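*Asks:* here is my input; please provide its structure:
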Amino acid sequence: MMLRIRSRDGLERLKIENPRATIADLKSQIESQLRVPIQSQTLSTKQNLLLAKTPDDVSRFTDMSNPQIPLSSLNLTQGSIIYLAYDGERTVAGRHTVSPAGSFGKKMTMNDLIAKQMRVTRQENPHCELVSFDRDAANAFQHYVNETLAFAVKRGGFMYGTVSPEGKVEVDFIYEPPQQGTEENLILLRDPDEERLVEVIAMGLGLRKVGFIFTQTICQDKKDYTMSNVEVLQAAELHAESDLKEWVTAMVKLEVNEDGVADVHFEAFQMSDLCVRLFKEGWFETVIPEGVDPKLSRMKKDVVVGGKDTREVDNDFFLVVVKIFDHQGPLSSTFPIENRTVPVPMKALRNHLDRSKSLPFVKRISDFHLLLLLSRFLDINADVPALAECVQRQSAVPEGYQLIIESMASAS
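*Replies:* Presented below is the predicted three-dimensional model:
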């Protein structure tokens with residue numbers, strides 16, 4: 001059971017392993033873990049203990065004075081708070097020696113005060129050495145955004161690929177979840193059942209989720225920021241959700257070149273370690289009122305930027321630039337892509353197989369988006385991993401699977 005011990009030094013955690021532990025056992029743990037001698041301790045479940053000004057006042061708190069009482073009899077549960085008063089000095093792990101200063105606490109040095117503040121600085125180097133996009137996957141994503149959506153509304157997807165020991169990320173396909181995009185916002189309507197299929201396919205292909213890609217709209221082109229506060233929040237949330245330190249956030253936008261022609265432009269970043277930490281710890285204001293400058297992220301508490309206390313941080317502080325390359329990966333991206341304007345019909349399977357008759361069957365199905373369609377009709381525990389493994393190894397597809405897939409195509 002994890003208990004919280006509140007004293008004049010703040011709130012500290014203490015783990016009690018023995019379910020039959022007594023108050024005496026608790027005091028021993030406080031002595032060994034928190035370095036407060038047993039003879040100096042007064043414990044109580046009543047918070048007014050910390051307001052006691054004299055030894056007589058302290059002595060009136062007797063609810064935990066009997067060392068033989070089992071903790072279970074005090075109705076303590078996981079995370080319960082116990083109040084601790086003590087005399088003298090002690091060394092708190094990770095802090096300076098503290099000593100009493102009046103009835104409520106300790107003397108604090110300037111270093112103590114500064115240590116309590118959160119300093120926001122730029123992170124110079126990413127954990128990801130570079131990100132390389134499969135040309136077909138990147139083109140299929142940007143072509144839809146450019147030609148069909150005309151960069152009028154936002155679009156996003158999850159990138160899947162590999163990570164080398166040196167931190168090189170290779171993106172081999174992009175999964176586009178159900179979503180609603182507007183000029184300013186991208187709402188991901190995530191489908192856990194579909195994402196489970198995606199993960200099974202990716203695992204069979206020897207790939208994993210490595211990042212998030214999204215587009216900025218034409219209306220954002222003239223704004224004075226790299227990423228808006230809304231985009232930073234979404235990117236930080238998805239980065240925090242991942243357990244991958246090399247996680248990449250990619251952005252696609254239109255940029256007007258020197259000749260006045262609009263070109264599609266890819267940029268890649270990592271959200272800084274501090275940004276992800278601040279998000280996990282709840283520092284960000286997640287409700288952004290209208291009229292707030294989009295290039296600034298708002299904090300719930302003061303942070304220190306450039307030596308000044310502030311609750312507004314320029315979004316660029318949270319971005320770590322990642323180099324971009326491209327490559328030709330093992331998969332094609334010619335099959336219609338999921339969750340776009342029109343649902344993918346089964347006749348798309350017949351058309352795709354007809355167009356690729358001259359290729360070996362494994363090549364004909366080496367497309368993530370095709371495998372995702374098939375996975376809706378096959379056994380997720382056996383058939384889907386087996387087909388994905390054939391694609392990964394580029395080995396012959398068993399005749400039984402070929403017959404099933406061809407019959408599905410013919411029935412459409």
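
*Asks:* list the buried ones in stretch 326-336?
*Replies:* Under the neighbour-count criterion of 16 or more other C-beta atoms under 10 Å, stretch 326-336 has 326, 329, 331, 332, 333, 335, 336 buried. C-beta here means a position set from N, CA and C on the backbone, and glycine is covered the same way.

*Asks:* look up how far residue 354 lies from the last one.
*Replies:* So that's residue 336. With distances taken as C-beta to C-beta, to the nearest Å, residue 336 is found 14 Å from residue 354.

*Asks:* can you check the fourth one too?
*Replies:* Counting by C-beta to C-beta, the separation of residue 332 from residue 354 is 15 Å.

*Asks:* likewise for the third one?
*Replies:* Here residue 331 is placed at a distance of 20 Å from residue 354 (C-beta to C-beta).

*Asks:* distance from the chain centre to stretch 49-56, please.
*Replies:* Between the centre of stretch 49-56 and the centre of its host chain there is 45 Å, according to C-alpha atoms, centre = their mean, to the nearest Å.

*Asks:* just the C-alphas of it, formatted as PDB.
*Replies:* What follows is stretch 49-56 as a C-alpha-only set of coordinates in PDB (Å, rounded to 0.1, in the frame of the first residue of the first chain):
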ATOM      1  CA  LEU A  49      -1.300  18.100  14.000                       C
ATOM      2  CA  LEU A  50       0.700  20.400  11.700                       C
ATOM      3  CA  LEU A  51      -0.900  23.400  13.300                       C
ATOM      4  CA  ALA A  52       0.300  22.500  16.800                       C
ATOM      5  CA  LYS A  53       2.600  25.100  18.200                       C
ATOM      6  CA  THR A  54       3.900  23.600  21.400                       C
ATOM      7  CA  PRO A  55       4.900  20.100  22.700                       C
ATOM      8  CA  ASP A  56       1.700  20.100  24.800                       C
END
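
*Asks:* any idea of the mean pLDDT for it?
*Replies:* If you average the pLDDT over stretch 49-56, you get 83.

*Asks:* which other residues reach it?
*Replies:* 6-8, 42-43, 58, 60-61, 83-85, 103-104 (C-beta atoms under 8 Å, 6 or more residues apart in numbering).

*Asks:* give me that answer again for 7 Å
*Replies:* Around stretch 49-56, the neighbours that count as contacts under C-beta atoms under 7 Å, 6 or more residues apart in numbering are 8, 42, 58, 61, 83, 85, 103.

*Asks:* how about the helices in the stretch 251-400 of the chain?
*Replies:* 273-280, 347-355, 361-364, 368-375, 383-393, 399-411 (DSSP state H, counting those that start in this stretch).

*Asks:* now, of those, which is deepest in the fold?
*Replies:* When neighbours are counted by mean count of other C-beta atoms under 10 Å, the highest per-stretch mean among these falls to helix 368-375, a mean of 23.
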